[in-house]
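> Sequence first, then the predicted structure, then my questions.
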Amino acid sequence: MNVPGTFTLGPGDGNARTGCLTTAHGDVETPIFMPVGTQGTVKSLCPTDLHDLKAQIILGNTYHLYLRPGDELVAKLGGLHRFMGWDGPILTDSGGFQVFSLSGLRQIAEEGVTFSSHIDGSRHLFSPEKVIAIQQNLGSDIMMVLDECVPYGADRAYTEKSLALTTRWARRCRQAHPGGHRGQLLFGIVQGGFFKDLRAESAAQLLEIGFDGYALGGLSVGESREEMYDILGDATPLLPADRPRYLMGVGAPRDLLAGMAAGIDMFDCVLPTRNARNGTLFTFQGKVNIKRAEYREDDTPLDPTCPCYACQTFSKAYLRHLYVARELLSYRLNTLHNLTFFSIMMERARQAIRDGRFAAFRAEMEAVYPTDEE
Ligand SMILES: CNc1nc2c(CC[C@H]3O[C@@H](OC)[C@H](O)[C@@H]3OC)c3nc(N)[nH]c(=O)c3cc2[nH]1
Ligand SMILES: [Zn+2]
């Protein structure tokens with residue numbers, strides 16, 4: 001078995017590429033979509049469900065798990081893998097994003113960011129050293145550095161100042177986790193807002209520090225699709241080709257396709273799990289809003305080509321009934337299906353890249369997921 005951090009590139013097609021990332025809990029075939037399991041669970045699913053839908057790696061979140069149940073407790077109970085019963089790879093975000101998006105009363109200083117818990121208002125400090133210690137306690141296979149995800153619309157002066165601090169924090173994270181520690185990998189996060197020269201500066205600074213992988217942060221923060229794609233196209237080639245490239249918080253099917261076309265290897269987004277809970281289901285014939293009256297008497301499966309338990313067992317009429325009745329089973333079946341769709345879509349994308357027909361695959365998918373939609 002390769003040492004954790006080994007990233008072997010497979011066949012490519014244009015800038016799209018396939019690869020294999022070795023982690024301490026197994027290999028990850030890329031490009032990959034990672035289901036979000038913020039509080040130590042992919043909402044409404046068991047680990048066995050995740051294995052059934054061929055999830056290769058899932059996400060946990062430092063901010064949430066630190067506040068509840070506590071990273072020290074999770075460490076005492078054997079780490080996040082044992083705690084949640086998931087034996088595959090886990091990536092945890094540093095919590096930088098959640099501190100800026102969820103908590104109250106934030107103060108940014110050289111030392112780190114001080115914030116109030118969204119749960120009980122208690123005050124906490126996230127320093128680079130602290131978020132590394134938390135992720136080491138959780139035992140995640142891929143850790144993220146502490147960064148400031150610059151808000152959309154921040155001016156150049158703010159972005160520049162934030163970038164300099166974020167780079168100093170990244171350096172401190174690397175010093176706190178020089179590598180090798182139980183095979184836990186550490187990824188840097190490129191910031192720089194929507195200023196291409198600042199993005200280039202950020203990438204160069206992170207490369208000089210040296211990380212196991214590189215993420216594009218500060219995107220999917222409310223910008224237009226063209227603004228995201230503009231930065232994506234410009235910044236991705238600045239990331240080393242021989243290391244994994246991770247686009248944080250992205251995204252819808254069309255955004256995954258655009259990301260892969262630009263050379264991105266890893267994605268995460270709450271879309272499939274969150275949309276499942278509000279009745280929006282993804283199929284290879286397009287999106288289905290299961291609460292619509294047209295499905296009231298529809299005895300056909302959601303997607304006859306889908307191997308998931310929901311599509312193999314129930315009708316649209318039943319899925320609609322569960323949703324309208326707010327039954328818990330609705331969350332579970334809809335989530336099972338949506339994550340199965342994302343998993344199959346990514347498998348088909350990997351095969352299309354290997355076969356040199358990614359452009360055709362992308363066009364086929366965009367025909368049912370048009371770029372002008374929501
Ligand atoms: C949605 N758009 C978006 N999400 C983002 C996240 C959270 C993903 C994390 O948040 C949780 O999902 C909401 C997941 O835990 C995920 O873990 C990686 C980011 N995290 C960091 N550290 N830095 C960024 O610049 C950043 C940008 C994002 N843009
Ligand atoms: Zn299905």
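Looks like it arrived, so ask away. Everything numeric here is computed off the predicted structure, so don't read it as measured data. Ligands and ions are numbered 1, 2, ... in the order given.

> buried sites along the longest helix along the chain?
The helix spanning the most residues in the chain, taking DSSP state H as the definition, is helix 328-354. Residues 330-346, 349-350, 352-353 are the ones in helix 328-354 that count as buried (16 or more other CB atoms under 10 Å). In short, each C-beta sits where N, CA and C put it, glycine included.

> dump the residue contacts of the spatially most central residue of the chain.
The geometric centre of the chain, computed from its C-alpha atoms, lies nearest to residue 268 (CA atoms, centre = their mean), at 1.9 Å. Contacts of residue 268 were listed using CB atoms under 8 Å, 6 or more residues apart in numbering, and they are 33-36, 59, 91, 246, 248-250.

> Can you show me the strands along the stretch 151-300 of the chain?
185-190, 213-216, 245-247, 266-268, 280-283, 286-289 (DSSP state E, counting those that start in this stretch).

> Residue 49 and residue 61: what is the separation?
20 Å (CB to CB, to the nearest Å).

> what about the two, which has more around it?
More neighbours sit around residue 61 than around the other of residue 49 and residue 61, counting by other CB atoms under 10 Å; the figures are 24 against 18.

> wait, residue 168 sits on residue 110?
Yes. At 7.4 Å, residue 168 and residue 110 qualify as touching, with contact defined as CB atoms under 8 Å.

> Neighbour count: these two, which is higher?
Relative neighbour count places residue 168 above the other of residue 168 and residue 110, with 13 against 9, counting by other CB under 10 Å.

> Return the distance of the more buried one relative to residue 127.
Residue 168 sits at a distance of 11 Å from residue 127 (criterion: CB to CB).

> same thing with residue 41?
With distances defined as CB to CB, the gap from residue 41 to residue 127 amounts to 27 Å.

> So for those two, which sits in the more crowded spot?
When residue 41 and residue 127 are compared on other CB under 10 Å, the one with more neighbours turns out to be residue 127, at 19 against 15.

> For that one, list the residues it contacts.
The contact partners of residue 127, taken as CB under 8 Å, 6+ apart, are 111-112, 146, 172.

> Farthest-apart pair in these, please.
Farthest apart among the contacts of residue 127 by CB to CB are 111 and 146. That separation is 10.9 Å.

> quick one: which of these two has more around it?
Neighbour totals were compared for residue 111 and residue 146, and residue 146 leads with 28 against 15 (other CB under 10 Å).

> you'd agree that one is up against residue 128?
Yes. Contact status for residue 146 versus residue 128: in contact at 4.8 Å, counting by CB under 8 Å.

> about what we covered before: and ligand 2, is the longest helix of the chain touching that?
Yes. Contact between helix 328-354 and ligand 2, assessed by CB under 5 Å from the ion, occurs at residue 337.

> could you check the angle helix 328-354 makes with the following helix or strand past that helix?
Next in sequence after helix 328-354, counting helices and strands by DSSP states H and E, comes helix 358-368. Inter-element angle recorded for helix 358-368 and helix 328-354: 150 degrees (by axes from the mean of the first three to the mean of the last three CA atoms, to 10 degrees).

> other SSEs contacting helix 358-368?
Helix 358-368 sits against helix 253-262, helix 328-354, with contacts defined as 3 or more CB pairs under 8 Å, 6 or more residues apart in numbering; DSSP states H and E.

> Also compute the angle for the shortest one relative to helix 358-368, please.
Put plainly, it is helix 253-262. 170 degrees.

> what do you get for the last one?
Here helix 328-354 runs at 150 degrees with respect to helix 358-368, directions being taken by the same axes, to 10 degrees.

> Mind pulling the model confidence for the nearest residue in space to residue 5 that is not next to it in sequence?
Using CB to CB, 6 or more residues apart in numbering and skipping the chain neighbours, the partner closest in space to residue 5 is residue 212 (4.7 Å). We note a pLDDT of 98 for residue 212 in this prediction.

> Roughly how far does residue 212 sit from ligand 1?
Separation of residue 212 from ligand 1 (CB to the nearest ligand atom, to the nearest Å) stands at 15 Å.

> Neighbours of that residue, how many?
By the measure other CB under 10 Å, the count of residues near residue 212 is 21.

> quick one: contacts for residue 35?
Taking CB under 8 Å, 6+ apart as the contact definition, residue 35 lies against 42, 50, 55, 58-59, 268, 272-273, 339, 342.

> Could you rerun that using 10 Å?
For residue 35, the residues meeting the contact criterion (CB atoms under 10 Å, 6 or more residues apart in numbering) are 42-43, 45, 50, 53, 55-59, 268-270, 272-273, 335, 338-339, 342-343.

> Going through the residues you listed, which ones are buried?
In the contacts of residue 35, burial by neighbour count holds for 42-43, 45, 50, 53, 55-59, 268-269, 272-273, 335, 338-339, 342-343, counting by 16+ other CB under 10 Å.

> For the closest residue to residue 356 other than its chain neighbours, grab phi and psi.
For residue 356, the nearest residue in space outside its immediate sequence neighbours is residue 13; the separation is 5.0 Å by CB to CB, 6+ apart. The phi/psi pair for residue 13 (degrees, to the nearest 10) reads phi -150, psi 100.

> Likewise for residue 36?
Reported as degrees, to the nearest 10, the phi and psi values for residue 36 are phi -90, psi 120.

> got a list of what it touches?
By CB under 10 Å, 6+ apart, the contact list for residue 36 reads 42-43, 58-61, 91, 93, 249, 268-274, 339.

> And for residue 78?
When contacts are counted by CB under 10 Å, 6+ apart, residue 78 is found next to residue 139.

> circling back: let's have the contacts of residue 268 in JSON lines, adding distance to ligand 1.
Rendered in JSON lines, the data for the contacts of residue 268 read as follows (distance: CB to the nearest ligand atom, whole Å):
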{"residue": "33", "distance to ligand 1": "12"}
{"residue": "34", "distance to ligand 1": "8"}
{"residue": "35", "distance to ligand 1": "10"}
{"residue": "36", "distance to ligand 1": "5"}
{"residue": "59", "distance to ligand 1": "4"}
{"residue": "91", "distance to ligand 1": "6"}
{"residue": "246", "distance to ligand 1": "8"}
{"residue": "248", "distance to ligand 1": "4"}
{"residue": "249", "distance to ligand 1": "2"}
{"residue": "250", "distance to ligand 1": "7"}
